[in-house]
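> Show me how the following folds:
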Amino acid sequence: MTSNSTTGILGALENIRWDLWLAVTTIGLVLFGVIMVYSASGAVAAERFGGAHYFLTRQLMWVALGLGAMMIAMRVDYHYYEQPVVIYGLLGLSVFLLTLALFFPARNGAHRWITFGSWSAQPSELAKIALIIFLARFLTRREEEGEVEDFKLTMLPACVVVGLLAALIMKEPDLGTTLMLGVVFLVMIFAGGVPIKHVLKLSPLLLPAIYLFIFRTGWRWERILVFLHPERDPLGKGFQVMQSLIAVGSGGVSGAGLAEGKQKLFYLPEPHADFIFAVIGEELGLIGGATLILVFGFFMWRGFVISKRAPDRFGQLLALGLVTMIIAQAFFNISVVLSLVPTKGIPLPFVSYGGSSLLFALAAVGVLLNISRQRSE
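Numbering: from 1, shown residues only. Okay, the predicted model is just below:
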């Protein structure tokens, strides 16, 4: 009886065409995120919103919506996204929503959210996926027509699209998401066969823009100075970085224990959102933080395997773009917490508190699973 049951289970697993490891890893990260959001936000929620479960309840609702989006995306043939009406519809919707967000009230000096009562969403999350779908199809077409190395026919049109989205996101302003767009763009055009010399041709335009938006923008330049020497203003501009490093450092090897962290008690800003990795470092220590990084590394590996085994070029580029989007965001978030890069508001995928970020990340995983389901051996 036991032998038959085991054989039946193994047979059922063999019949699963989509990448089971990626699905299990994603769900594990989401469940871990729910636990850590509750641990990091309980005290803040009780003090500011009258109940320790405030952020937990909302996170669970977004998890349910996100898993629903993932299940739907799993069942939609990814070739559906090749249709021009879908590609340009998503790009047009992204431009409209990014423009609309500029007319909503600012939060912390930025117009990044479209709000509906107590709920809000960031249209830049949709813009990232819309750009990936566009580039995957656009580069595939250029490659099929033998024009991928033509600067005017390939590089310029791609730059116009990413430039429009980046300009609207910078208007919010949101330099972090703009950098994520840039990373995805570079990875995809190189993977699509665009020569590196074409990127170098854009240097005369990119270098002045970097100088203007970073070195000539006072508060961004201050962030760089704070990043270099946070100890010079530990109670002011360096407060976030110093408290984050204190949290990670005090965790030691094994951590203080789940829910036993102290820095989240009104010392560490946004402990349940952008700085949740600092709470993980304090409560679960080096072991917990390193394990989480390894899990993201495993996620990246499975994503690259899906990209490599995709049955066509569009699937390969689409999978690569989606994996790059998620892993680059995770790398950047952890780097901010560890003070390896200047502070920017980028959530940790699947783990940080946040609605639209979690929703679109899970939808992206659904697309990856659909690609894996149609893999070539």
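> What ranges does this structure have for its strands?
Applying DSSP state E to the chain gives strands spanning 114-116, 119-121.
> ranking those by mean pLDDT, which is last?
For the strands of the chain, mean pLDDT drops lowest on strand 119-121, to a mean of 79.
> in that one, what's buried?
Across strand 119-121, burial judged by 16 or more other CB atoms under 10 Å covers 120-121. (C-beta placed from N, C-alpha, C; glycine too.)
> Same check on stretch 31-49?
In stretch 31-49, counting by 16+ other CB under 10 Å, buried: 32-34, 36-45.
> how much space between residue 247 and residue 289?
Note on residue 247: its distance to residue 289, by CB to CB, to the nearest Å, is 11 Å.
> okay, and the common contacts of these two?
Both residue 247 and residue 289 are in contact with residue 281, where contact means CB atoms under 8 Å, 6 or more residues apart in numbering.
> and the two? which has more neighbours close in?
Higher neighbour count among residue 247 and residue 289: residue 247, with 26 against 22, using other CB atoms under 10 Å.
> can you pull the contacts of that one?
261, 263-264, 267-268, 275, 278-279, 281-282.
> Widest-spaced pair of the residues you listed?
The two members of these with the most space between them (CB to CB) are 267 and 281, at 13.9 Å.
> which of these two has more neighbours?
residue 281 (29 against 15).
> which residues in this structure form helices?
For the chain, applying DSSP state H gives helices covering 2-14, 20-49, 54-75, 84-101, 123-144, 156-171, 175-191, 196-200, 203-210, 218-228, 239-251, 276-309, 313-337, 355-373.
> and the angle for the second one with helix 276-309?
Interaxial angle of helix 20-49 relative to helix 276-309 (axes from the mean of the first three to the mean of the last three CA atoms, to 10 degrees): 150 degrees.
> give me every residue that touches residue 366.
Applying CB under 8 Å, 6+ apart to residue 366 gives the contacts 69-74, 76.
> picking that back up, filter the contacts of residue 247 down to the buried ones, PyMOL style.
The buried residues among the contacts of residue 247 can be selected in PyMOL (16+ other CB under 10 Å) with this line:
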select buried, resi 261+263+264+268+275+278+279+281+282
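> which among the contacts of residue 247 gets closest to residue 155?
Nearest member of the contacts of residue 247 to residue 155, counting by CB to CB, is residue 275, at 37.6 Å.
> gap between the closest one and residue 191?
Separation of residue 275 from residue 191 (CB to CB): 32 Å.
> Repeat that for residue 56.
Counting by CB to CB, the gap from residue 56 to residue 191 is 39 Å.
> any weak-confidence spans in this structure?
Residue ranges of the chain with pLDDT under 70: 1-16, 118, 211, 213-221, 225, 227, 229, 232-236, 376-377.
> Got the domain ranges for it?
20-75+217-377, 80-216 (automatic domain parsing).
> which of the ones you listed is buried the deepest?
Across those, averaging neighbours per residue (mean count of other CB atoms under 10 Å) puts domain 20-75+217-377 on top, at a mean of 19.
> Give me the distance between residue 255 and residue 261.
According to CB to CB, residue 255 and residue 261 sit 8 Å apart.
> where do the contact lists of the two overlap?
Common contacts of residue 255 and residue 261, defined by CB under 8 Å, 6+ apart, comprise 282-283.
> Show me which of the buried residues of stretch 31-49 is closest to residue 107.
Distances from residue 107 to the buried residues of stretch 31-49, taken as CB to CB, are shortest for residue 44 (16.6 Å).
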